[in-house]
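Enquirer: Dropping the sequence and predicted coords here.
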Amino acid sequence: MRLICNFIVTQGLELPPKMYICLCNGYRESEVRDMARKGYTAAEEAYEALGDGPCCGQCVDFAQEIIDEERVSPCG
């Protein structure tokens, strides 16, 4: 997976910023990115700041990748 400004390319698929990352809590990619820009470095902490921590945990690794990429992005 690699970041191209506001899109993530994973296995040739571009994901728009409005994509849901966490279905349990209804968190979108744009919200996770905003948390990274506000200084959150861990997905679990970002989720807590959004209102609820992870439920099933299936999304946490992907959310963490988004946070990591956003924090080093030249586009942000």
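Expert: Arrived safely, thanks for sending.
Enquirer: who does the longest helix anywhere in the chain touch, helix- and strand-wise?
Expert: Using DSSP state H to define each element, the chain has its longest helix at helix 60-72. Packed against helix 60-72 by the contact rule (3 or more C-beta pairs under 8 Å, 6 or more residues apart in numbering; DSSP states H and E) you find strand 2-4, strand 20-22, helix 29-37, helix 43-50. Bear in mind the C-beta positions are built from the backbone N, C-alpha and C, glycine included.
Enquirer: quick one: buried residues of the second one?
Expert: Pointing back at strand 20-22 there. 21, 22 (16 or more other C-beta atoms under 10 Å).
Enquirer: How far off centre is it?
Expert: Relative to its chain's centre, strand 20-22 lies at 8 Å (C-alpha atoms, centre = their mean, to the nearest Å).
Enquirer: in its sheet, what does that strand sit against?
Expert: strand 27-28 (antiparallel) (DSSP bridges).
Enquirer: Make JSON lines out of the helices and strands packed on helix 60-72 and add mean pLDDT and distance to residue 62.
Expert: Listed next are the helices and strands packed on helix 60-72 as JSON lines, based on pLDDT from 0 to 100; distance: least, C-beta to C-beta, whole Å:
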{"stretch": "strand 2-4", "mean pLDDT": "46", "distance to residue 62": "13"}
{"stretch": "strand 20-22", "mean pLDDT": "94", "distance to residue 62": "6"}
{"stretch": "helix 29-37", "mean pLDDT": "95", "distance to residue 62": "9"}
{"stretch": "helix 43-50", "mean pLDDT": "97", "distance to residue 62": "8"}
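Enquirer: Can you add distance to residue 57 and give these back as a markdown table?
Expert: What follows is these, written out as a markdown table (distance: least, C-beta to C-beta, whole Å):
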| stretch | distance to residue 57 |
| --- | --- |
| strand 2-4 | 23 |
| strand 20-22 | 10 |
| helix 29-37 | 15 |
| helix 43-50 | 9 |
